[in-house]
Structures are given as structure tokens and as C-alpha cells.
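In: Curious how this folds, go ahead:
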Amino acid sequence: MSDLIQVSTAKGERKAVDRLIVIDSRTLVSYDIPITNNAVKATDFRKISAHGLTGNSLERYATGLRIMEPGFQNTAVAESSITHIDGVKGIIHYRGYTLDQLIENHDFEDVSFLLVWGHLPSIQEKLDYRTKLAARLNPPQSVVDTIKCFPRITPYHLMFVAGLTAWAATDPTMIPIHMGAELYLGKMDAVDKGVLQTMAASISVIALIYCHYQGKQIRPSDAHASLAENILLMMGIVDQTTNRPDPKMVRILNSLWTVYADHEMTNSTAASLHVGSGLADPMSCVSAAVCSGSGPLHGGAIDLAYKTFERIGSKDNVPRAIEDVKAGKFRLSGYGHRIYKTVDPRVKHLKKALNELSGNIDANQHLSVALEIDRIAAQDDYFTSRNLHTNADLGFKPEIITALMTAGRVSGILAHWREQMEKPATLWRPLQIFTRDRSKL
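Out: Residues are numbered from 1 along each chain as shown. Modelled structure (predicted):
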């Protein structure tokens with residue numbers, strides 16, 4: 001049950017505070033647990049013990065009630081002011097700005113700066129940010145050599161982690177255990193340096209991976225170009241007449257990166273913060289996030305969707321495929337999202353970008369299949385009655401994902417890491433429920 005208690009403020013005023021009243025049926029002891037921001041602290045439940053109020057405090061704590069919640073489906077692991085998602089209304093805000101506002105009025109550098117430092121940059125702040133990133137983009141030879149060691153069919157996340165690790169090895173002074181000291185917690189100048197270096201290294205490694213897939217050499221960056229221009233330039237995705245990235249491609253990439261920049265406490269963001277809670281360096285945290293995102297229940301679902309499009313073959317085969325999904329013969333990756341109970345708010349921006357990128361949709365086999373799935377499923381009671389809508393991962397080719405999506409998400413990951421470094425250290429160390437008979441131990 002819920003009730004209110006009165007507490008005194010610093011000014012001596014009385015303020016109503018929500019609380020949860022719990023009565024333990026084992027002991028009939030009542031406990032008052034404060035409710036803050038519609039949440040209770042799991043540690044408050046440790047005082048609820050089968051010993052009641054008897055026994056010593058250590059014994060009561062050791063046997064205190066635990067919260068069993070596999071998958072964190074209703075567990076908040078951090079407080080954050082970065083991204084807010086309303087899954088019922090289908091709304092995303094970055095630092096109070098909607099996606100529509102940011103995509104229509106700002107480029108990715110603005111959004112990246114906003115996520116990390118909490119405000120949109122001034123003209124000078126943006127210029128400084130661009131210059132500092134561009135100066136860090138060209139990869140060390142050891143990183144280039146590392147990527148070249150891999151077969152060209154290697155999944156991107158394996159090369160990314162190896163490349164980022166090789167980059168970190170070129171400057172071990174950024175690694176706490178090498179220096180024998182804690183380098184980042186509360187030291188915001190060092191944190192900001194780590195953000196810039198990790199952001200630039202991630203973009204560069206992704207460009208290297210793309211070039212390795214294509215069997216070509218990476219190009220040098222431009223000290224005066226934007227982040228979106230530079231990754232396209234380094235990948236060699238340029239207009240043949242100007243030898244510069246197509247402005248339309250730059251605009252589309254800015255939109256795609258903005259859409260993917262952050263998505264609150266995802267599986268991969270949580271993985272990075274888990275590593276960050278041990279006060280590791282930012283490159284290790286980003287590497288953990290990318291490994292987490294490789295699984296088929298997270299970022300890897302996009303690759304599964306692509307393979308589904310290949311299996312379907314053409315849009316003429318989509319109606320039969322939809323019937324097979326409804327019959328339970330296979331799962332349609334790209335439909336349904338744990339957070340959204342309505343249309344994913346990122347979809348309209350991604351569809352617009354895809355249409356611009358693809359030109360003639362019918363000539364693009366995989367995109368035509370994806371959009372036909374979306375069209376039919378949006379009118380089918382099987383999907384609409386279950387609140388299943390296309391999510392923002394549907395329809396992308398793996399090479400676009402590997403080269404672009406991760407690059408956009410790194411800003412959000414680093415924003416959460418920076419926020420973590422501003423707060424007191426708390427090592428993430430979950431508990432377990434031991435299920436064997438303890439009397440036999």
C-alpha cells in the first residue's frame with residue numbers, strides 16, 4: 001500500500017513524501033520505504049528479514065530480502081538527465097529537445113555536444129569541438145595493421161574491439177591500471193580528453209573496417225571538416241568530380257547519427273556503465289558496449305532482419321512470409337520493441353533517409369522487401385492488435401550498420417560514461433539467488 005509521511009526541510013517546513021508500507025507476513029513487522037521519482041531503493045528491502053527486529057544487525061542484513069529480477073525489466077540502475085523515452089506516446093527527448101527539433105535545426109556535432117556536455121554549443125564551442133576531433137582522427141599505424149590482420153568476412157564488432165584496444169595501447173597513460181592510479185572519477189578535464197579521444201578513435205576504426213571490407217586504403221581526414229564529412233572522406237565515399245563527400249550524403253548521415261545517438265539505458269549502454277563502474281578507461285567501456293550490441297537480441301537483430309530479407313527474396317514473396325510469421329514458422333526481426341508500445345519515433349526519420357539514400361526503391365531488393373513488410377504488417381490485425389510496429393532497425397544493410405550506427409551511438413555511450421564519472425563511485429556488483437539445498441553444503 002502507499003501512504004504519505006511528513007519530513008522537515010532545511011527551512012523547517014513540512015513536506016509530504018510518498019512511501020511504501022510493507023508488512024512482512026513472516027514476522028508481521030511493518031516497514032516504511034520512501035518513494036522518490038516513482039521508485040524505491042532496492043537496498044531499503046535489505047532491512048526486511050525473516051529475523052524481524054531480533055538478532056544482530058549483521059545477521060539481519062545478511063538475510064535481508066533480495067529483489068529477484070532477471071533482465072532488469074523493471075529495475076533502474078542509474079539516475080540520468082540525458083535521454084527521456086515515453087514508450088506509450090512514442091517520444092524521445094535528448095536533454096529536453098525532441099528528435100524532430102534536433103534533426104530539423106541541428107547537425108550531429110550539435111547533438112553529440114548536447115548529449116555529452118548538456119547544452120547546445122555556441123559557434124565557437126562547435127568549431128573547437130570539430131577541430132579537436134578532426135585532429136585526433138588519423139589512426140596510428142599499429143591500428144591500421146591490426147584491422148588488416150582480420151579476414152574480410154569478420155563481423156565488425158570483433159575488429160572494432162581489436163582496433164580500439166590497439167589504439168588504447170598507443171597511449172597507456174590513459175589506462176588507470178598502467179598508471180597505478182584512478183584517472184577519471186571527478187577529474188573532468190581528464191574525462192573530457194578521454195571523450196574526445198575515444199570518439200575520434202571509434203569513428204576512425206569504423207572507417208578502417210569499412211575500407212578493409214572494401215579492400216581499399218583509408219584516406220586522411222580533413223582538419224576543417226565535420227565529423228560526418230570526415231568519416232565519408234576517410235571511407236572514400238566521395239563525389240568523383242569534387243573528390244568530396246556528397247552534401248546530400250552528409251545531411252543524411254547527420255540525421256541517421258542523430259536518430260541513433262542515444263536510446264537511454266539500453267543493454268549496450270548498461271554494459272558500458274558496468275565496466276565504467278570499476279573506473280576503467282573510456283575505450284574499454286565503449287568496447288564493452290559494442291560487444292553487448294553484437295548479440296541477436298540487441299543490435300545483432302538488424303543483421304537477422306537483413307538475412308530474412310535475403311531469404312524472402314523479393315517483395316512479391318512478402319505476403320507468404322507474413323503468413324509464415326503468423327503461423328509461428330519464424331520470427332520477423334525488426335518488429336516489436338521492449339520500450340515502445342506505439343510506433344518507434346525514430347522510424348519516420350530513418351525511412352526518409354533510406355528513401356533518399358536508395359533512389360529507386362524497387363531497384364534495391366532488400367529495401368523493397370523491408371518496406372513491403374512494413375506496409376502489409378501495418379494493416380494486419382496480427383501486428384496491430386499486439387502493438388507490434390516496425391522499429392528503427394528494420395531495413396538496414398549490415399555495411400550501413402557497421403559503418404554508421406555504432407559511430408552515432410558512441411556519443412550517447414560516452415555521455416553516460418561522463419555522467420557516471422561526475423558521481424560517487426559505485427561498483428556494479430549484482431547478487432544472485434542460490435538454489436541448491438544449503439543443508440547439504
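
In: what's stretch 142-160 in contact with?
Out: Contact with stretch 142-160 is made by 162-163, 166-167, 169-170, 201-202, 204-206, 208-209, 212-213, 215, 218, 287, 290-291, 293-294, 398, 402, 406, as judged by Cβ atoms under 8 Å, 6 or more residues apart in numbering. Placement of C-beta: from N, CA and C, glycine included.

In: Quick check: buried residues in that stretch?
Out: Under the neighbour-count criterion of 16 or more other Cβ atoms under 10 Å, stretch 142-160 has Val143, Val144, Thr146, Ile147, Phe150, Tyr156, His157, Met159, Phe160 buried.

In: repeat for stretch 109-121
Out: Buried residues in stretch 109-121, defined by neighbour count with 16+ other Cβ under 10 Å: Glu109, Asp110, Val111, Ser112, Phe113, Leu114, Leu115, Val116, Trp117, Leu120, Pro121.

In: now it: mean pLDDT?
Out: The average of the pLDDT scores along stretch 109-121 is 98.

In: Distance from it to the middle of the chain?
Out: 16 Å (Cα atoms, centre = their mean, to the nearest Å).

In: which residues touch it?
Out: With contact meaning Cβ under 8 Å, 6+ apart, stretch 109-121 is reached by 81-83, 94-95, 97, 102, 106, 125-126, 129-130, 195, 199, 226-228, 257-258, 261-262, 411-412, 414-415, 418.

In: where are the low-confidence patches of the protein?
Out: By pLDDT under 70, the low-scoring segments of the chain are 1-16, 298-306, 331-344, 346-347, 349-351, 353-367, 378, 382-400, 402-403.

In: what's the longest helix seen in it packed up against?
Out: When the chain is parsed with DSSP state H, its longest helix is helix 188-214. Applying 3 or more Cβ pairs under 8 Å, 6 or more residues apart in numbering; DSSP states H and E, we find helix 188-214 packed against helix 123-135, helix 141-148, helix 156-169, helix 227-235, helix 282-293, helix 406-421.

In: Return the residues in contact with the residue nearest to Asp24 when sequence neighbours are not counted.
Out: Counting by Cβ to Cβ, 6 or more residues apart in numbering, Asp24 lies nearest to Ile48, which is 5.6 Å off, once chain neighbours are set aside. Neighbouring residues of Ile48 by Cβ under 8 Å, 6+ apart: Val22, Asp24, Val29, Tyr31, Gly64, Leu65.

In: Which ones among these lie within strands?
Out: Judged by DSSP state E, strands contain the following of those: Val22, Asp24, Val29, Tyr31.

In: returning to that earlier point: buried among the contacts of stretch 142-160? Need that as a selection in ChimeraX.
Out: To isolate the buried ones among the contacts of stretch 142-160 in ChimeraX, judged by 16+ other Cβ under 10 Å, type:
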select :162,163,166,167,201,202,204,205,206,208,209,212,213,218,287,290,291,293,294,402,406
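
In: and the buried residues of stretch 142-160, which two are the farthest apart?
Out: Spatially, the most separated pair among the buried residues of stretch 142-160 is Val144 and His157, at 18.5 Å (Cβ to Cβ).

In: Buried only: go through the contacts of Ile48 for me.
Out: Neighbour-count burial (16+ other Cβ under 10 Å) is assigned, among the contacts of Ile48, to Val22, Val29, Gly64, Leu65.

In: Now distance to Ala377 too, for these, in JSON lines please.
Out: Converted to JSON lines, those look like this (distance: Cβ to Cβ, whole Å):
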{"residue": "Val22", "distance to Ala377": "44"}
{"residue": "Val29", "distance to Ala377": "52"}
{"residue": "Gly64", "distance to Ala377": "47"}
{"residue": "Leu65", "distance to Ala377": "44"}
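
In: Tell me who's in contact with the closest residue to Ile218 other than its chain neighbours.
Out: Closest residue to Ile218 in three dimensions, ignoring its sequence neighbours and counting by Cβ to Cβ, 6+ apart: Cys211, at 4.6 Å. By Cβ under 8 Å, 6+ apart, the contact set of Cys211 is Gln217, Ile218, Met234, Met235, Gly236.

In: For the last one, what are phi and psi?
Out: Backbone geometry at Gly236, expressed as degrees, to the nearest 10, gives phi 80, psi 20.

In: wait, it sits on Pro220?
Out: No: Gly236 lies out of contact with Pro220 (Cβ atoms under 8 Å); the separation is 11.1 Å.

In: which of these two has more neighbours?
Out: The neighbour comparison of Gly236 against Pro220 (other Cβ atoms under 10 Å) goes to Gly236, with 16 against 11.

In: From Ala207, how far off is that one?
Out: 9 Å (Cβ to Cβ, to the nearest Å).

In: which neighbours do the two share?
Out: Residues within reach of Gly236 and of Ala207 at once, by Cβ under 8 Å, 6+ apart, are Ile218.

In: Enumerate every residue touching Ile82.
Out: Applying Cβ under 8 Å, 6+ apart, the residues near Ile82 are Tyr94, Arg95, Leu115, Asp262, Glu264, Gly412, Ala415, His416, Glu419.

In: With Thr258 instead?
Out: Thr258 makes contact with Leu99, Leu102, Ile103, His106, Asp107, Phe108, Val111, His349, Gly408 under the criterion Cβ under 8 Å, 6+ apart.

In: switch the cut-off to 6 Å
Out: The contact partners of Thr258, by Cβ atoms under 6 Å, 6 or more residues apart in numbering, come to Leu102, Ile103, Phe108, Val111.

In: Repeat that for Ala39.
Out: Ala39 makes contact with Ala76, according to Cβ under 6 Å, 6+ apart.

In: my read is Ile92 is in a strand, agree?
Out: Yes: the assignment for Ile92 is a strand, going by DSSP: H, G, I helix; E, B strand; the rest coil.

In: quick one: it and Leu99 touch, right?
Out: Yes: in this structure, Ile92 is within contact of Leu99 by Cβ atoms under 6 Å, at 5.4 Å.

In: out of those two, which sits in the busier spot?
Out: Of the pair Ile92 and Leu99, Ile92 is the one with more neighbours under other Cβ under 10 Å, namely 24 against 20.

In: so who does the more buried one touch?
Out: Ile85, Leu99, Pro345.

In: For Gly186, state which of the residues you listed is nearest.
Out: For the contacts of Ile92, the nearest to Gly186 is Ile85 (28.6 Å; Cβ to Cβ).

In: Measure how buried the closest one is and give me the count.
Out: 17.

In: what do you get for Ser25?
Out: Neighbour count of Ser25, defined by other Cβ under 10 Å: 6.

In: If we ignore the residues flanking it in sequence, what's nearest Thr426?
Out: Nearest to Thr426 is Ser277, by Cβ to Cβ, 6+ apart, at 6.2 Å.
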